[in-house]
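Undergrad: Output the structure for:
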Amino acid sequence: MGLYNKYQTNRILRLCLVIAFFLTIVLWVIQSFRIFGLIINNGVAIKDFLKLSIYILPLLIYNILPFTILLAAVLEVRKMIKEKELLILQSNRYSDFQIAKPFIISSVLMTVIALLFSSYLMPKGYNEFKRLQFSLQQNYASFLLEKGIFSSKINGLTFYIADRTKDDVMHGILMNDSRIPNKEITITAKFGRLSINDSNIALILQNGSRQEYDRLAEKLTLITFNKYLFNLELSSLLKQTYIDGPNEKYINQVIEIALKEKDKRYIVNLHNRILWPLFCIILGSIPIALSVRNFYYRIDRYNNIKLFIYSVSLVSIFTLSENLAAKNINWSFLMYLSAILPIMLILWLLTFRKE
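TA: Take a look at the predicted model:
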């Protein structure tokens, strides 16, 4: 690799590292605020919140890598234009492709990194994220008892809590239990508190009533109580088993399921895992390809906006193609066209010099 290639590639990759860091931090903070609600509203432990926040990072990085190389390429092209580096290189008879070579090398390296995330790191992290999220939703009773809404996360059981204080005392409790055939049980209480141990969850109710209606006997039984213990088995919270989704499986598993079971979700996901990393090459090469063809030769806001419109349009076309393929697998070829045609256009721009 020549001196120019080494110098320019190092600059672009360093920019990528800085931009990726800041973009990841911004997205991580936004995502963490969403997860933080679990702590405030549902009593999830801080360590579980931190785990969820860390496990989601590979997915965030995978999605931002093409935009990272785009921003790095734009900044580097602006520098080359501002400091007349582009003119100097062209005056020294560098071809368009030679000028663009460091950008292509950097884009290919970013593509390799994106493929690594696509095949291993992203499914590994997202699998851990979804499993922990599922575990928290199934095992923390607080999820059943959200304030101000009717919750039916257990089949046959409906809960309503009017209010919940900071010391975890619940007010205005209503429960309807229809799990026993031909019987309907309604329990109301003024106050209640959760008691959780390793084997079960108990809801301790105070100052309320229990009403049971037997449909076969057409008999209504009503009792009032000062204190009532309502037990819930943890196993009863698990009304469904956890099933991995396409994003949570390694690339070899996705290929196997796509080929054997012909599952449309896995086929589209496989196409995405192959093609999305290629957008590192597309978005990373667009700025220099347009610059050497004089489409982006001035430093001004208007040209910057045009460049980002082109880039966002390409990504939007790919996303639209993916959505169409998800509905009808026969549209999958559009995903490949939306990735291959821009690469061919970039090669044409860099190969055929404008007269």
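
Undergrad: Let me see the domain layout of this structure.
TA: As given by automatic domain parsing, the domain ranges for the chain are 3-139+243-351, 156-237.

Undergrad: With respect to burial, which of the ones you listed scores highest?
TA: Among the domains of the chain, domain 3-139+243-351 has the highest mean neighbour count (mean count of other C-beta atoms under 10 Å), at a mean of 17. C-beta here means a position set from N, CA and C on the backbone, and glycine is covered the same way.

Undergrad: Tell me how far the residue minimising distance to the centre of the chain lies from Lys124.
TA: Central residue of the chain (C-alpha atoms, centre = their mean): Leu59, 5.7 Å from the mean position. Using C-beta to C-beta, to the nearest Å, one gets 10 Å for the distance from Leu59 to Lys124.

Undergrad: coming back round to it: which among the domains of the chain is found nearest to Lys147?
TA: When the domains of the chain are compared by C-beta to C-beta, domain 156-237 sits nearest Lys147, at 4.6 Å.

Undergrad: Let me see the mean pLDDT of that closest one.
TA: Per-residue pLDDT over domain 156-237 has a mean of 83.

Undergrad: please renumber so the chain begins at 29
TA: Will do, 29 is the new start, and the previous item becomes domain 184-265.

Undergrad: what about Val230, distance to Asn297?
TA: If you look again at residue 230, you'll see it is Ala, not Val. As for Ala230, its distance to Asn297 is 42 Å (criterion: C-beta to C-beta).

Undergrad: got it, and Ile229?
TA: Ile229 sits at a distance of 36 Å from Asn297 (criterion: C-beta to C-beta).

Undergrad: What of Arg243?
TA: From Arg243 to Asn297 the distance is 48 Å (C-beta to C-beta).

Undergrad: Please apply the same query to Leu78.
TA: The gap separating Leu78 from Asn297 is 28 Å, by C-beta to C-beta.

Undergrad: Over to Val340?
TA: Distance from Val340 to Asn297, by C-beta to C-beta: 23 Å.

Undergrad: What sits closest to Val140 if chain neighbours are left out?
TA: Spatial nearest neighbour of Val140, chain neighbours left out: Pro305 (8.0 Å); criterion: C-beta to C-beta, 6 or more residues apart in numbering.

Undergrad: and if you look at Leu103?
TA: Going by C-beta to C-beta, 6+ apart, Leu103 has Leu43 as its nearest residue, at 5.8 Å.

Undergrad: Leu303 now?
TA: What sits nearest to Leu303 in space, not counting adjacent residues and going by C-beta to C-beta, 6+ apart, is Ala367, at 4.6 Å.

Undergrad: Please give the element, helix or strand, for that neighbour.
TA: Element membership of Ala367, judged by DSSP states H and E, is helix 360-379.

Undergrad: who does that helix touch, helix- and strand-wise?
TA: helix 124-144, helix 292-303, helix 306-320, helix 329-355 (3 or more C-beta pairs under 8 Å, 6 or more residues apart in numbering; DSSP states H and E).

Undergrad: okay, the angle between it and helix 124-144?
TA: Helix 360-379 and helix 124-144 are oriented at 150 degrees to each other (axes from the mean of the first three to the mean of the last three C-alpha atoms, to 10 degrees).

Undergrad: and Tyr122, what are its phi and psi?
TA: Backbone torsions of Tyr122, given as degrees, to the nearest 10, read phi -70, psi 130.

Undergrad: what does Asp196 give?
TA: phi 70, psi 20.

Undergrad: got it, and the one 10 residues further on?
TA: Phi and psi for Ser206, reported as degrees, to the nearest 10, are phi -120, psi 30.
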